[in-house]
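Undergrad: A predicted structure for the sequence below; I have some questions about it.
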Amino acid sequence: MSALALVIGQLANPTYTELNAAGASVPPVGPVTYAADSSGAVSVDPNTGIVTAMSATASGAVATVTATDAGNGLSAQATFTVAASGTGTAVSATLTYTAGPAPASARRRF
C-alpha cells in the first residue's frame with residue numbers, strides 16, 4: 001500500500017480491520033491502540049487513531065502509524081507523507097468561458 005499524502009494540519013481517519021483464516025472480517029478481540037513513529041511528521045490519538053499532519057516529511061521519507069489489538073497482539077501499519085501545502089504558490093492564472101445560446105432578441109430573421 002502506498003503512503004497517504006497529507007498537508008500540514010490535515011486529519012486522517014482510520015479503519016482497522018482484522019481478518020480470519022478465510023479472509024472474512026472479524027471484530028478486534030480487545031481495544032485497539034494507535035502509535036506514531038518518532039518522526040514528528042504526524043501525531044495520532046492513541047484511542048481513536050485520528051492522525052494529524054504536523055510537519056513536512058523529507059523527500060522520499062514517510063511517517064508510520066501502528067494500530068495494535070491489545071487482545072491478540074495483531075497489528076497493522078499505515079504510512080503517510082506530509083507536505084507544507086497541497087497546491088503550492090500560484091504563478092499564473094487562466095480564465096475560460098463557454099458561450100450559451102443567444103437570446104431570442106439577438107437572433108436575426110431573414
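TA: Received the coordinates, thanks.

Undergrad: for this structure, what's the longest strand?
TA: strand 75-83 (DSSP state E).

Undergrad: Which secondary structure element of this structure has the lowest mean pLDDT?
TA: The helix or strand of the chain with the lowest confidence, counting by mean pLDDT, DSSP states H and E, is strand 4-7 at a mean of 88.

Undergrad: neighbouring strands for it, and are they parallel or not?
TA: strand 75-83 (parallel) (DSSP bridges).

Undergrad: that older thread, give the rounded mean pLDDT of the longest strand of the chain.
TA: What strand 75-83 shows for mean pLDDT is 90.

Undergrad: Just the residues contacting it, thanks.
TA: Strand 75-83 is contacted by residues 1-8, 12, 14, 16-17, 41-42, 51, 53-57, 61-69 when judged by C-beta atoms under 8 Å, 6 or more residues apart in numbering. Placement of C-beta: from N, CA and C, glycine included.

Undergrad: circling back to that earlier point, which of the residues in the least confident helix or strand of the chain are buried?
TA: Using 16 or more other C-beta atoms under 10 Å as the test for burial, strand 4-7 gives 4, 6.

Undergrad: Show me what the very next helix or strand once past that strand is packed against.
TA: Toward the C-terminus, strand 4-7 is succeeded by strand 11-12 as the next helix or strand (DSSP states H and E). On a contact count with 3 or more C-beta pairs under 8 Å, 6 or more residues apart in numbering; DSSP states H and E, strand 11-12 meets strand 51-53.

Undergrad: Run the chain-centre distance for the strand it packs on.
TA: Put simply, strand 51-53 sits 9 Å off its chain's centre (C-alpha atoms, centre = their mean, to the nearest Å).

Undergrad: Helices of the chain, start to end?
TA: Remark: no helices are assigned in the chain by DSSP state H.

Undergrad: what residue ranges in it are flagged as low confidence?
TA: Applying pLDDT under 70 to the chain picks out residues 1, 86-100, 102, 105-110.

Undergrad: quick one on the thing from earlier: residues contacting the least confident helix or strand of the chain, please?
TA: 12, 42, 51, 53, 78-86.
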